[in-house]
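[1] Fold the following for me, if possible:
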Amino acid sequence: MVNLATVAMTSEMELLDMRSKKRAAQVIRCLPFNTRFYADTQLTGLHAEKVWQETSQYHLAGVSWFQHSDAIEAAFRWLITVGVLRREVDGQGLTARVRLTTLGRQLLEQSPGLPMQQAGALERLHHCVRRFWPRR
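    The predicted structure is shown next:
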């Protein structure tokens, strides 16, 4: 016998999972980080100051870059909010370094060129609205 409550719950969870992946992929396409940035966050973790100092290694060509390291930190917080990055933890607690989450790894394994895909104007507008004026 099929338990309809379980089926409904599974469908709802799959829908939420699909929406989370879609939103995270959109954020990756809209931010100016290249594939190396995501690879380094997975392997060693990065902090905003290092990314700022080594712009040429982490900047996606053809896209405007951040004006200062605080803006990179704000982008890190946004990637954390959507589930792509997480703060690294050491013996003292949270650190300034970020690492790739399981969701981030899954997206980049499924679509390795995702950071290099240019988001269209409408997608960028949608991203900005979500980022700077979120639903309450």
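[2] contacting residues around the longest strand along the chain?
    For the chain, the longest strand by residue count, based on DSSP state E, is strand 93-100. Contacts with strand 93-100, where a contact means Cβ atoms under 8 Å, 6 or more residues apart in numbering, come from 38, 41-42, 45-49, 76, 79-80, 84-89, 108. For glycine as for every other residue, the C-beta is placed from the backbone atoms N, C-alpha and C.
[3] Now which of the residues you listed would you call buried?
    The neighbour count (16 or more other Cβ atoms under 10 Å) marks 38, 41, 45-48, 76, 79, 84-86, 88, 108 as buried among the contacts of strand 93-100.
[4] Same list (these) but as JSON lines, adding pLDDT, distance to Leu94 and secondary structure.
    Output for those, formatted as JSON lines (pLDDT from 0 to 100; distance: Cβ to Cβ, whole Å; DSSP: H, G, I helix; E, B strand; the rest coil):
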{"residue": "Tyr38", "pLDDT": "96", "distance to Leu94": "20", "secondary structure": "helix"}
{"residue": "Thr41", "pLDDT": "96", "distance to Leu94": "15", "secondary structure": "helix"}
{"residue": "Gly45", "pLDDT": "92", "distance to Leu94": "12", "secondary structure": "coil"}
{"residue": "Leu46", "pLDDT": "95", "distance to Leu94": "15", "secondary structure": "strand"}
{"residue": "His47", "pLDDT": "92", "distance to Leu94": "12", "secondary structure": "coil"}
{"residue": "Ala48", "pLDDT": "93", "distance to Leu94": "14", "secondary structure": "helix"}
{"residue": "Phe76", "pLDDT": "95", "distance to Leu94": "12", "secondary structure": "helix"}
{"residue": "Leu79", "pLDDT": "96", "distance to Leu94": "15", "secondary structure": "helix"}
{"residue": "Val84", "pLDDT": "96", "distance to Leu94": "17", "secondary structure": "coil"}
{"residue": "Leu85", "pLDDT": "97", "distance to Leu94": "12", "secondary structure": "strand"}
{"residue": "Arg86", "pLDDT": "96", "distance to Leu94": "9", "secondary structure": "strand"}
{"residue": "Glu88", "pLDDT": "89", "distance to Leu94": "8", "secondary structure": "strand"}
{"residue": "Leu108", "pLDDT": "95", "distance to Leu94": "23", "secondary structure": "helix"}
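[5] Many thanks, I have nothing further to ask.
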